[in-house]
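1. quick check, what structure comes out for this input:
(2 chains)
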Amino acid sequence: MIAFSLVPTASWYLVLSAVLFGIGTFGVLVRRNPLVMFMCIELMLNAVNLSFVSLARKLDDINGQTIVFFVMVVAAAEVVVGLGIIVAIMRNRNSVTADDLVELKG
Amino acid sequence: MELFVFGCAALMVVIGAVGVITRKHPVHAALSLVLTLFGVAVLFVAQQAHFLAAVQVIVYAGAIVVLFLFVIMLLGVDRVENLRTEPLAAQRPLAVAVSLGLIGILVAAFATGSGVLHERGAGLKIPDLANESDANTTQLAQSIFSQYVVAFEVTSVLLVVAVVGTVLLARRTKSAVTENSK
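-> Numbers count the residues shown, from 1 in each chain, chains lettered A, B, ... in the order given. Sure, this is the predicted structure:
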């Protein structure tokens, strides 16, 4: 069970990361601006990073921090490619909201 | 002391995250994202991940948010999203249900899995930072450049592919380029 004490344990950080992940999920589901959706994906990635670091400290294992390093690199590459795609779409049409991209609709 | 740091940083993280999803203006959302990223960096420091905290501030709060702001400015800053009207009536209640359910599932998984979470992997032990101030960076470098050196090299390939792909995406079409050069 989640122990309750006045010194923050790993459980506190894990619950905080779960809350952050949930907020990010809500944003991705609700917002319609692709840029803001990307920001919400960054929130979710940060939540995962936070849980990795807290588990690394709890288990006394540096590999949790190593994988956060790789997640950050992949997140940076993902943002670069995603923003490139948004700019490329923007060049062809006037407004960019997720509702306007209906070419694949059956 | 750690309680105080955790409380302040958690407040920063949650306020920033709520700001990202509730602000109408994308620039305000990006600035709220900076607050969240700084809060996460503080939590990294509180958990003795000093190198990752520095990388978090430099890469996320520095590079990625600036990239976001750059694209927002490029696409026009006056595009304010209308958050009052919702085209799909059931979307918001469903989204609330999904995200609350996700939080509940995650917390339940952490609570029930805490018995399993005592088994550590094969990684190096986290050093005591009271004795050596740069021990975290040294340890992380040892892990990346010995055990995970292949993954590190593949990461460099990934970055090159991402850069080339983005340049290709953002480039004008060939006909437009030749039209301009004539």
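2. quick one, helices of chain B?
-> For chain B, the helices defined by DSSP state H cover B:2-22, B:26-46, B:50-55, B:65-75, B:91-112, B:135-142, B:149-170, B:174-181.
3. what about the chain, any weak spots by pLDDT?
-> Unless you meant another one, I'm taking chain A. Per-residue confidence for chain A (pLDDT under 70) gives these ranges: A:1-5, A:94-96, A:104-106.
4. switch to chain B, please.
-> B:77-83, B:130, B:173-182.
5. can I see the domain layout of it?
-> B:1-80, B:148-182 (automatic domain parsing).
6. hang on, isn't A:A88 packed against B:A170?
-> Yes. Distance between A:A88 and B:A170: 6.4 Å, which falls inside the contact criterion (CB atoms under 8 Å). C-beta: built from backbone N, CA, C; applies to glycine.
7. how much space separates A:E78 from A:L45?
-> A:E78 sits 9 Å away from A:L45, going by CB to CB, to the nearest Å.
8. which of these two has more neighbours?
-> A:L45 (21 against 17; other CB atoms under 10 Å in any protein chain shown).
9. once you drop chain neighbours, what's closest to that one?
-> A:A75 (5.0 Å; CB to CB, 6 or more residues apart in numbering or on different chains).
10. one more: B:V18?
-> Per CB to CB, 6+ apart, closest to B:V18 is A:I23, 6.6 Å.
11. coming back round to it: what would the helices of chain B look like in TSV with mean neighbour count?
-> Converted to TSV, these look like this (neighbours: other CB atoms under 10 Å in any protein chain shown):
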stretch	mean neighbour count
helix B:2-22	18
helix B:26-46	22
helix B:50-55	20
helix B:65-75	17
helix B:91-112	14
helix B:135-142	17
helix B:149-170	13
helix B:174-181	9
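12. before we move on, back to that, list the contacts of the residue nearest to A:L45.
-> Residues near A:A75 by CB atoms under 8 Å, 6 or more residues apart in numbering or on different chains: A:E42, A:L45, B:Y60, B:I64.
13. show me the helices in chain A, by range?
-> A:10-30, A:34-59, A:63-92.
14. B:T155 against A:V71, yeah?
-> No. Using CB under 8 Å, B:T155 is not in contact with A:V71; the gap is 10.6 Å.
15. picking up where we left off before, could I get the domains of chain B as a markdown table with distance to B:G123?
-> A markdown table is the format used below for the domains of chain B (distance: least, CB to CB, whole Å):
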| stretch | distance to B:G123 |
| --- | --- |
| domain B:1-80 | 13 |
| domain B:148-182 | 10 |
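16. looking at these, which is closest to B:T138?
-> Nearest to B:T138, of all the domains of chain B, is domain B:1-80, at 9.3 Å by CB to CB.
17. contact partners for the residue in chain A that chain B sits nearest to?
-> Closest residue of chain A to chain B, CB to the nearest CB: A:N63 (3.3 Å). By CB under 8 Å, 6+ apart, the residues touching A:N63 are A:A56, B:G121, B:A122, B:G123, B:L124, B:S143, B:Q147.
18. redo that, cut-off 7 Å
-> Contact partners of A:N63, counting by CB atoms under 7 Å, 6 or more residues apart in numbering or on different chains, are B:G121, B:G123, B:S143.
19. what residues are shared contacts of A:E78 and A:L45?
-> Between them, A:E78 and A:L45 share no contacting residue, judged by CB under 7 Å, 6+ apart.
20. what's the closest non-adjacent residue to A:A98?
-> A:R32 (4.9 Å).
21. and the one you found, its phi and psi?
-> Backbone torsions of A:R32, given as degrees, to the nearest 10, read phi -120, psi -10.
22. pretty sure it contacts A:T97?
-> Yes. Between A:R32 and A:T97 there is a contact under CB atoms under 7 Å: 4.5 Å.
23. show me which of these two is the more surrounded one.
-> Between A:R32 and A:T97, counted using other CB under 10 Å, A:R32 has the larger neighbour count: 17 against 14.
24. picking up where we left off before, of the helices of chain A, which approaches B:N131 most closely?
-> Comparing these under CB to CB, the one sitting nearest is helix A:34-59, at 16.9 Å.
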